[in-house]
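In: next come a sequence and a model predicted from it.
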Amino acid sequence: MKERATVERHVGVSGLIKPAFKVCAHDRAAPGRIMALTESEQTFQRFSVREVEVAVRALSRLEPLIGVERFTALRLAAAQASRRLEGMTFWNLSSTAAGGGVAELLQVLVGYTLDANIDIRWLVMSGDAEFFSITKRIHNRLHGTAGDAGELGPNEAAHYADIMAANVVSVMSRVRRGDLVLLHDPQTVGMAPELAEAGARVIWRCHVGREGSNEWTDEAWSFLRPHLAHCEAHIFSLRQYVPSWMDESRVRVIPPSIDPFSPKNQEMSQSDVIRTLRRIGLLDKSEQNSASTFTRRDGTPGRVERRAAILSDGASALDPDIPLVVQVSRWDRLKDMTGVMRGFASAVPGHLTAQLALVGPSVASISDDPEGAEVFAECVATWEALPVDARRRIKLVTLPMEDIDENAAMVNALQRHATVIVQKSLAEGFGLTVAEGMWKGRALVASRVGGITEQIAPGTGLLLDDPADLSVFGDTLAGLLTRPDQIAQLGARARQHVLETFVGDKHLLRYAQLIEWIVS
Ligand code: UDP
């Protein structure tokens with residue numbers, strides 16, 4: 001705190017480009033001497049949080065979908081939470097505003113909570129490449145894998161602490177004593193000690209995890225544990241992710257949810273699906289093509305204008321007469337895009353009549369995921385090494401992220417156009433893409449890992465016991481594609497299951513219970 005005050009006094013904190021020097025007014029030997037800032041002082045200047053504007057979402061829109069009983073429970077809980085939080089602000093802190101499940105969730109939860117008359121805000125932290133490679137390492141290790149195999153030692157802890165200390169300056173200028181602060185994932189939890197000390201009620205929500213521990217999870221937890229001690233509550237997506245040493249009485253389990261009205265999940269006519277896919281370059285544009293429209297999160301009309309970048313051998317457009325298999329994911333090794341490709345390719349020469357689109361965000365766009373470009377390059381290399389007949393059926397698609405509503409509409413169209421949706425992750429915190437696909441009435445083939453297991457109930461999709469077994473994956477896909485009746489049946493049950501279990505009201509109710517518990 002002291003160091004921060006000194007730096008601010010000397011150089012001021014304003015604007016984006018900060019000076020690398022300070023005037024030492026208090027240097028007795030040479031008052032007014034100009035000195036270079038230390039590395040740590042420069043860190044303080046460069047990193048701060050920014051607020052994400054979220055449009056209000058009317059809770060009442062959910063009523064026709066969830067029915068009177070569920071809606072009444074939601075309204076009562078929202079009113080109670082609003083009373084409890086009167087005079088307080090409910091802050092959410094995450095590491096990115098777009099791309100990935102946390103950003104997707106926050107858009108929805110913040111929007112609906114605003115309609116409950118609660119002062120909820122969302123701040124996004126910033127960091128440098130080193131910070132995000134450390135936090136990605138922690139993320140991978142919480143999933144039980146080595147990730148980049150780098151260290152999580154004192155140097156990493158020091159850099160992590162520097163970035164946290166820099167960000168917390170701008171958080172503290174907004175947060176008041178008694179406010180609720182929900183820190184999301186390892187990227188932000190290092191702000192807990194200072195916020196708690198300043199009188200905020202701090203909660204941590206962990207969106208990743210692994211059932212059981214191994215040396216990697218132990219290492220990640222040792223890194224995070226000192227920060228976690230300052231949080232009043234710890235939230236996990238699944239009970240199995242709670243580490244054995246954690247105080248159970250502080251734990252709450254809150255699975256994520258989807259919003260049926262977001263641009264990602266809103267109803268889309270078949271002709272809008274086709275128009276969108278033509279616009280982005282995935283379907284042939286030879287016929288007359290009018291604009292493809294959707295409704296933005298703020299209720300205003302939007303149009304899909306940008307094109308996707310498509311890596312293909314031969315025509316970049318899909319063949320409209322061949323069934324399409326889609327996996328939508330960040331470019332993350334744990335999503336195993338290369339495994340999907342190889343498993344699909346191994347089944348192509350024999351009996352798999354289908355085409356595959358592997359879809360992810362443009363790799364330049366996700367600032368908190370430093371491995372994206374590298375993983376995408378690995379996918380390209382795997383694709384290039386495939387036999388030509390397999391390669392012709394596989395497209396690597398990256399979607400522009402400049403406009404996240406437009407990006408969401410593209411994902412929506414792709415998921416709806418798919419005959420089968422795949423999520424062949426090797427590990428998964430929750431896997432929102434699964435609920436998104438199920439909501440659209442699609443048949444899912446997905447790994448029996450993490451949160452996917454919670455989402456796909458018997459009869460609502462096919463689970464792969466061993467996601468590393470590519471030939472079983474290829475055979476399962478090929479078999480399902482020959483059974484349109486089963487595809488339709490799985491899809492119908494999947495949608496109903498998501499409606500009953502993973503629509504936003506369930507999520508909001510659990511938040512209301514959390515508020516009740518913390519604040520009362
Ligand atoms: N997503 C997206 N655009 C893309 C790729 C992914 O909007 O180009 C979204 C996807 O639809 C889902 C989220 O990113 O809502 C990924 O969340 P998930 O829980 O599946 O995985 P995570 O990225 O959090 O590991």
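Out: Thanks, I have the structure now.

In: contacts, neighbours, all on C-alpha from now
Out: OK.

In: hmm, who's touching the longest helix along the chain?
Out: Counting by DSSP state H, the longest helix found in the chain is helix 63-84. Applying C-alpha atoms under 8 Å, 6 or more residues apart in numbering, the external contacts of helix 63-84 come out as 60, 62, 113, 116-118, 499-500, 505, 508-509, 512-513, 515-516, 519-520.

In: equivalent analysis for stretch 221-233, please.
Out: Applying C-alpha under 8 Å, 6+ apart, the set of residues contacting stretch 221-233 from outside is 142, 152, 157, 186, 189-193, 196, 201-204, 250-252, 518.

In: pull out the buried members of those residues.
Out: With burial judged by 16 or more other C-alpha atoms under 10 Å, the buried subset of those is 142, 152, 157, 186, 189-193, 196, 201-204, 251-252, 518.

In: okay, and which of those residues map to strands?
Out: In this view, those that belong to strands under DSSP state E are Arg201, Val202, Ile203, Trp204, Val251, Arg252.

In: tell me the pLDDT at Ser292?
Out: pLDDT, Ser292: 90.

In: can you pull the buried residues of the longest helix of the chain?
Out: Residues of helix 63-84 classed as buried under the neighbour-count rule (16+ other C-alpha under 10 Å) are Ile66, Phe71, Leu74, Arg75, Ala77, Ala78, Gln80, Ala81, Ser82, Arg84.

In: out of those, which are close to the ligand?
Out: Among the buried residues of helix 63-84, no residue lies close to the ligand (C-alpha under 6 Å from any ligand atom).

In: which single one of those residues is nearest to the ligand?
Out: Proximity of those to the ligand (C-alpha to the nearest ligand atom) peaks at Ile66, which lies at 21.2 Å.

In: and that closest one, how close does it get to Pro263?
Out: The spacing between Ile66 and Pro263, counted by C-alpha to C-alpha, to the nearest Å, is 19 Å.

In: could you do Trp204 as well?
Out: With C-alpha to C-alpha as the criterion, Trp204 and Pro263 are 28 Å apart.

In: ends of stretch 334-354, how far apart?
Out: End-to-end distance of stretch 334-354 (C-alpha to C-alpha): 24 Å.

In: buried set for it?
Out: Neighbour-count burial for stretch 334-354 flags 334-348, 352, 354 (criterion: 16+ other C-alpha under 10 Å).

In: interface residues of the chain facing the ligand?
Out: Counting by C-alpha under 6 Å from any ligand atom, the chain comes close to the ligand at 99-102, 104, 328-330, 360-361, 399, 408, 430-433.

In: these two touch, right, Leu109 and Lys506?
Out: No: in terms of C-alpha atoms under 8 Å, Leu109 does not count as a neighbour of Lys506; the distance is 11.1 Å.

In: show me which of the two is the more surrounded one.
Out: Using other C-alpha atoms under 10 Å, the more surrounded residue of Leu109 and Lys506 is Leu109, with 23 against 20.

In: excluding its backbone neighbours, what's nearest the more buried one?
Out: On the basis of C-alpha to C-alpha, 6 or more residues apart in numbering, the spatially nearest residue to Leu109 that is not a chain neighbour turns out to be Leu508, at 7.2 Å.

In: now that neighbour: which helix or strand?
Out: Using DSSP states H and E, the secondary-structure element containing Leu508 is helix 504-519.

In: and that helix, what does it pack against?
Out: Packed against helix 504-519 by the contact rule (3 or more C-alpha pairs under 8 Å, 6 or more residues apart in numbering; DSSP states H and E) you find helix 63-84, helix 101-115.

In: what does the last one rub up against?
Out: Right, the one you point to is helix 101-115. Judged by C-alpha under 8 Å, 6+ apart, the contacts made with helix 101-115 from elsewhere in the structure are 54-59, 78, 94, 96-98, 120-122, 184, 207, 256-259, 262, 431-432, 504, 508.

In: now do it and helix 504-519, the angle between them.
Out: Helix 101-115 and helix 504-519 meet at an angle of 80 degrees, taking axes from the mean of the first three to the mean of the last three C-alpha atoms, to 10 degrees as the criterion.

In: mind listing what's buried in the helix or strand harbouring Gln496?
Out: Mapping Gln496 onto the secondary structure by DSSP H and E places it in helix 484-501. Buried residues in helix 484-501, counted by 16+ other C-alpha under 10 Å: Ile487, Gln489, Leu490, Gly491, Ala492, Arg493, Ala494, Arg495, His497, Val498, Leu499, Thr501.

In: quick check, nearest of the residues you listed to the ligand?
Out: When the buried residues of helix 484-501 are compared for distance to the ligand (C-alpha to the nearest ligand atom), Val498 wins out at 14.5 Å.

In: just checking, that closest one touches Trp439?
Out: Yes: here Val498 lies in contact with Trp439, judged by C-alpha under 8 Å, at a distance of 5.9 Å.

In: got the contact list for Ile134?
Out: Leu152, Glu156, Tyr160.

In: so who does the second one touch?
Out: Contacts here follow C-alpha under 8 Å, 6+ apart; on that basis Glu156 touches Ile134.

In: please enumerate residues in contact with the helix holding Gln496?
Out: Counting by C-alpha under 8 Å, 6+ apart, the neighbours of helix 484-501 from elsewhere in the structure are 65-66, 419-420, 435, 438-444, 455-457, 459-461, 480-481.

In: helices of the stretch 1-150 of the chain, start to end?
Out: Residue ranges of the helices in the stretch 1-150 of the chain, as given by DSSP state H, counting those that start in this stretch, are 2-11, 39-46, 63-84, 101-115, 129-142.

In: so where is the stretch 251-400 of the chain shaky, pLDDT-wise?
Out: Counting by pLDDT under 70, the stretch 251-400 of the chain contains low-confidence ranges at 286-289, 350-352, 365-367.

In: kindly recompute the last result at 90.
Out: By pLDDT under 90, the weakly predicted segments of the stretch 251-400 of the chain are 284-291, 297-298, 314-316, 320-321, 347-353, 364-371.

In: hey, where'd the strands end up in it?
Out: Assigned by DSSP state E, counting those that start in this stretch, the strands in the stretch 251-400 of the chain fall at 251-253, 292-295, 301-304, 309-311, 324-328, 355-361, 394-399.
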